[in-house]
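*Asks:* sequence and predicted structure below; questions after.
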Amino acid sequence: QKEVEQNSGPLSVPEGAIASLNCTYSDRGSQSFFWYRQYSGKSPELIMSIYSNGDKEDGRFTAQLNKASQYVSLLIRDSQPSDSATYLCAVNTNSGNTPLVFGKGTRLSVIA
Amino acid sequence: KAGVTQTPRYLIKTRGQQVTLSCSPISGHRSVSWYQQTPGQGLQFLFEYFSETQRNKGNFPGRFSGRQFSNSRSEMNVSTLELGDSALYLCASKYASGNSYEQYFGPGTRLTVT
């Protein structure tokens, strides 16, 4: 059974701080990793994808992947109250012919 | 490009009835996946269609079914509705290029079964 684990939170950070969200996965053959943001009552929105070990930066977001340790993380710099949402980690084993496996998400609250 | 669209957005049905939900993927995307999201279970995969064929199937009873048309639009059907089927049903379309791909969700259909 392929599993993706996330701390459910809530993770509370002050405005302007760095929020660090973590995700571990069980399938060592996983190759594709994604972070989605979901606001309450809305659908998930893709914010980052990462396929290789290391860091990938996009604006205030940085995804970090460590396949040896089987974890992927998302850093949000200069956190804003508008970043308050649930962040879902998703993992896939191959190049897209199998479904994404989602974690249950971490709820982030950015306090002004 | 227009995003993934789903209709209807909200639906109220009675136990025992059936329901059909519709999804139109992003233009050019041939893969459509369906998910059920509930507060307790999170996002659970229902099935995926690619080029009108079911490519993957989740662990849901046979009351849940789907299909995909030649224009990539997809429908899912739930028969004999149960109270536990109340959920947000999400459709996602996927675009693959080489070893990378991206999956985008539609706004969802909120189904309430009374």
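*Replies:* Now that the structure is in, tell me what you want to look at.

*Asks:* lowest-scoring secondary structure element of chain A by mean pLDDT?
*Replies:* In chain A, no helix or strand scores lower on mean pLDDT, DSSP states H and E than strand A:101-102, which sits at a mean of 92.

*Asks:* quick check: what element follows that strand along the chain?
*Replies:* For strand A:101-102, the following helix or strand on the C-terminal side (DSSP states H and E) is strand A:106-111.

*Asks:* what about that following strand and chain B, touching?
*Replies:* No: using CB under 8 Å from any CB of the partner chain, strand A:106-111 never reaches chain B; the gap is at least 11.6 Å. Just so you know, the C-beta spots here come from the backbone N, C-alpha and C atoms, and that holds for glycine as well.

*Asks:* that older thread, list the pairing partners of the least confident helix or strand of chain A within its sheet, with orientation.
*Replies:* Sheet pairing of strand A:101-102 (DSSP bridges) gives strand A:85-92 (antiparallel).

*Asks:* who touches the partner strand?
*Replies:* A:2, A:4, A:6, A:21, A:23, A:25, A:27, A:30-40, A:44, A:72, A:74, A:98-108, B:43, B:103 (CB atoms under 8 Å, 6 or more residues apart in numbering or on different chains).

*Asks:* what do you get for stretch B:25-36?
*Replies:* A:96, A:99-100, B:1-4, B:23, B:43-51, B:55-56, B:60, B:66, B:68, B:72-74, B:76, B:87-96, B:103-105.

*Asks:* ditto for stretch A:36-46
*Replies:* Residues contacting stretch A:36-46 (CB under 8 Å, 6+ apart): A:34-35, A:47, A:83, A:85-90, A:102, A:105, B:43, B:88, B:90, B:102-108.

*Asks:* check stretch A:65-78 too.
*Replies:* A:16, A:18-26, A:28, A:30, A:33, A:35, A:47-48, A:50-54, A:56, A:60-64, A:83, A:87, A:89, A:91, A:108.

*Asks:* try 6 Å this time
*Replies:* The contact list for stretch A:65-78 (CB atoms under 6 Å, 6 or more residues apart in numbering or on different chains) reads A:16, A:18-25, A:33, A:35, A:50, A:53, A:60-64, A:83.

*Asks:* list only buried entries from those residues.
*Replies:* A:19, A:21-25, A:33, A:35, A:50, A:61-64, A:83 (16 or more other CB atoms under 10 Å in any protein chain shown).

*Asks:* what about residue A:9, how many residues nearby?
*Replies:* For residue A:9, the neighbour count with other CB atoms under 10 Å in any protein chain shown is 14.

*Asks:* for it, which non-adjacent residue is spatially closest?
*Replies:* residue A:107 (4.1 Å; CB to CB, 6 or more residues apart in numbering or on different chains).

*Asks:* okay, now the one you found: neighbour count?
*Replies:* 19.

*Asks:* assumed residue B:95 was part of a strand.
*Replies:* Yes: assessed by DSSP: H, G, I helix; E, B strand; the rest coil, residue B:95 belongs to a strand.

*Asks:* thank you kindly, that will do.
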